[in-house]
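Novice: model the structure of this input:
(one chain, ligands or ions: 1)
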Amino acid sequence: MPQIASNSGKNREILSGQIALVWHRRDLRIDDNPALSEAIAQVGDQGKVLGLFIFDPDILDDGVTEGSKVDFMLGCLRELQTNYRRLGSDLLFMYGEPITSLCSLAKAINTSHLFFNQDVEPFAIKRDREATQALQEIGVKVQSFVDIGLIAPDAIATQAGEPYKVYTPFWRNWQSKPKPQPLDAPQKLTGLASYENLPVIPLPSLRELKFINDITLPESGESAALALLEAFCDGNGILRYQTERDFPAHAGTSTLSPHLRFGTVGIRRVWEKAIAAQQLVRSDEDLAGITIWQQELAWREFYQHVLFHFPALATGAYRPQMQSFPWDDDPEKFEAWCAGLTGYPIVDAAMRQLNQTGWMHNRCRMIVASFLTKDLIINWQLGERYFMQKLLDGDLAANNGGWQWSASSGMDPKPLRIFNPASQARKYDPEGEYILRWLPELQGLTTAELLSGNIPPHQCQRRNYPLPIVDHNIQQQKFKRLYQDCKIN
Ligand SMILES: Cc1cc2nc3c(=O)[nH]c(=O)nc-3n(C[C@H](O)[C@H](O)[C@H](O)COP(=O)(O)OP(=O)(O)OC[C@H]3O[C@@H](n4cnc5c(N)ncnc54)[C@H](O)[C@@H]3O)c2cc1C
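Specialist: Down below sits the predicted model:
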């Protein structure tokens, strides 16, 4: 089992007068940041703390990363640098292979200590292990901290001491555990007297990184994240979460996911806000809203926990019988799904929302994932990759977890779920409001036509909207047969 160290404030040594580097990755904030707080505590008044972000060409050029996500990240970095400068230091930028970059900067500024917050993704764990070793070899002491979850993935286990594979018992244990308090943002930092002759670059533009972005982004950065969190938890959003969260036409969820992905808000700060809201509730319904939202935060940690303990999830199905499932993988049908041109209005509306905004409502993520895997019988990994390309919140643990759940290939104890697009639309978009928002060409059709997808062919033709590319009933029978065959063999 891979090891993950706990926050090590207890063994604090004072590095008076020394220079500490804080390597930011998916923690683009100064508030509630364990690595930054610990660096400041350790260097004391005489020491210096510098931030660092490395643009890694292997990530930027992986063929999955899109301009929208990079643009959002650049906005977060701009604010982070402004904050470092306001406090008296700086956030430095490098472009290159991370370990080489770290070593060259550590030598150039004569740093003796590096601090960073841990990740759970297999690629990041390997990189961090190698970076730690390389830095130690040149005399730099490295410390890392639990950050992206409230409970570290190796700090929670079943009674038998095993990692969890089922959410409900995970939640029961997870919710009973004490949660850490948020860490206040620093008030002051000390940086270098001069930044000349360092192997660093100014914050690059999107163009310099060779990306373009043609979608309108939500506000990025730490102040936007905190404003969103406060609006959701101090207003009625969190209280109405239970009743509103499943209706994609309503603004019923927090939309914090891109911020949680890039760490512009700390999870301890998020939890503190939810607890504060809990203390003010006046009805059982309000309390239920908060609890269900907390359960979603626990889903996020459940998927981090399973990815950390079962890194092979990142590359294939968890259930062995699904590893050789005979997917159809028809490229034309996949293209139609990506473009929102399947002839199933609720599916197409959701895919247009994704393509045009970089975000999709959770209910719709489940609908389109079920449609891709159970109606088009296309390998969930193609959908997983497309989501990673388009979602601003695209996160390996949550995305892989969501896709494996939808594809019946994961740890779900009741794996065979098939969503009927028309029933889903009737239940969660009863007026067709969401459908029409994203498919304006369907204006003028009856609500029944929008929800069922039974649109007369001449109406489709007039609107240049496709007829259904598959028959849901036939395809779900086909999927069930293939699934039974796989289970038996
Ligand atoms: C196929 C599929 C793919 C998904 N891919 C991603 C992804 O790449 N990144 C991502 O953050 N979420 C993913 N989700 C989970 C979920 O859809 C989003 O987290 C949610 O829609 C984000 O909106 P919100 O911030 O308004 O969430 P809220 O409803 O306000 O929830 C608060 C936070 O809890 C977390 N959360 C909520 N639901 C889930 C969930 N089911 N699983 C894990 N975490 C959850 C998110 O961090 C979210 O921001 C996926 C779900 C499915 C079914």
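
Novice: mind listing what the nearest residue to Met388 once chain neighbours are set aside touches?
Specialist: Once flanking residues are discounted, Met388 sits nearest to Gly394: 4.3 Å by C-beta to C-beta, 6 or more residues apart in numbering. Yep, even glycine has a C-beta here, placed from its N, CA and C like the rest. Taking C-beta atoms under 8 Å, 6 or more residues apart in numbering, we find Gly394 in contact with 69, 261, 387-388.

Novice: what do you get for Asn399?
Specialist: Per C-beta under 8 Å, 6+ apart, neighbours of Asn399: 384, 387-388, 391.

Novice: out of those, which touch the ligand?
Specialist: For the ligand, the contacts drawn from the contacts of Asn399 by C-beta under 6 Å from any ligand atom are 387, 391.

Novice: looking at the contacts of Asn399, which are in strands?
Specialist: Among the contacts of Asn399, no member falls in strands (criterion: DSSP state E).

Novice: export the contacts of Asn399 as TSV, with columns for neighbour count and pLDDT.
Specialist: What follows is these, written out as TSV (neighbours: other C-beta atoms under 10 Å; pLDDT from 0 to 100):
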residue	neighbour count	pLDDT
Glu384	23	98
Phe387	23	98
Met388	19	98
Leu391	23	98
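
Novice: show the pLDDT at the residue nearest to Met388.
Specialist: Note for Gly394: predicted pLDDT of 98.

Novice: would you mind giving the secondary structure of it?
Specialist: The three-state label given to Gly394 by DSSP: H, G, I helix; E, B strand; the rest coil is coil.

Novice: and the gap between it and Phe115?
Specialist: 26 Å (C-beta to C-beta, to the nearest Å).

Novice: same question, Ser194
Specialist: Ser194 is 23 Å from Phe115, by C-beta to C-beta.

Novice: the two - which one has more neighbours?
Specialist: Each of Ser194 and Phe115 has its neighbours counted (other C-beta atoms under 10 Å); Phe115 has more, 25 against 7.

Novice: would you mind naming the residues that bridge with that one?
Specialist: Using DSSP bridges, the bridge partners assigned to Phe115 are Val22, Gln143.

Novice: show me the contacts for it.
Specialist: 20-23, 35-36, 38-39, 142-145.

Novice: what number of residues lie near Met322?
Specialist: Going by other C-beta under 10 Å, the residues that sit close to Met322 add up to 20.

Novice: who's in contact with it?
Specialist: Here Met322 is in contact with 407-409, 486 (C-beta under 8 Å, 6+ apart).

Novice: can you show me the helices along the stretch 351-489 of the chain?
Specialist: 362-370, 380-390, 396-407, 421-428, 433-438, 447-452, 457-463, 472-488 (DSSP state H, counting those that start in this stretch).

Novice: out of the contacts of Phe115, who's nearest the ligand?
Specialist: Closest approach between these and the ligand, by C-beta to the nearest ligand atom: Phe145, at 19.7 Å.

Novice: what about the strands in this structure?
Specialist: Along the chain, the stretches classed as strands by DSSP E are 19-23, 48-55, 91-95, 113-117, 141-145.

Novice: model confidence for the residue nearest to Ile59 when sequence neighbours are not counted, exactly?
Specialist: In space, and not counting its chain neighbours, Ile59 is closest to Thr65: 6.3 Å by C-beta to C-beta, 6+ apart. pLDDT, Thr65: 92.

Novice: so what touches stretch 164-175?
Specialist: Residues outside stretch 164-175 that contact it (C-beta under 8 Å, 6+ apart) are 150-151, 156-158, 294-295, 298-299, 301-302, 305-306, 411, 413.

Novice: and the buried ones among the residues you listed, selectable in PyMOL?
Specialist: To isolate the buried ones among the contacts of stretch 164-175 in PyMOL, judged by 16 or more other C-beta atoms under 10 Å, type:
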select buried, resi 150+151+156+294+298+299+301+302+305+306+411
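
Novice: buried residues, stretch 54-70. List them.
Specialist: Neighbour counts using 16+ other C-beta under 10 Å place 54-56, 59, 65-70 of stretch 54-70 among the buried residues.

Novice: is it true that Leu226 touches Val270?
Specialist: No: Leu226 is beyond contact range of Val270, at 10.0 Å (criterion: C-beta atoms under 8 Å).
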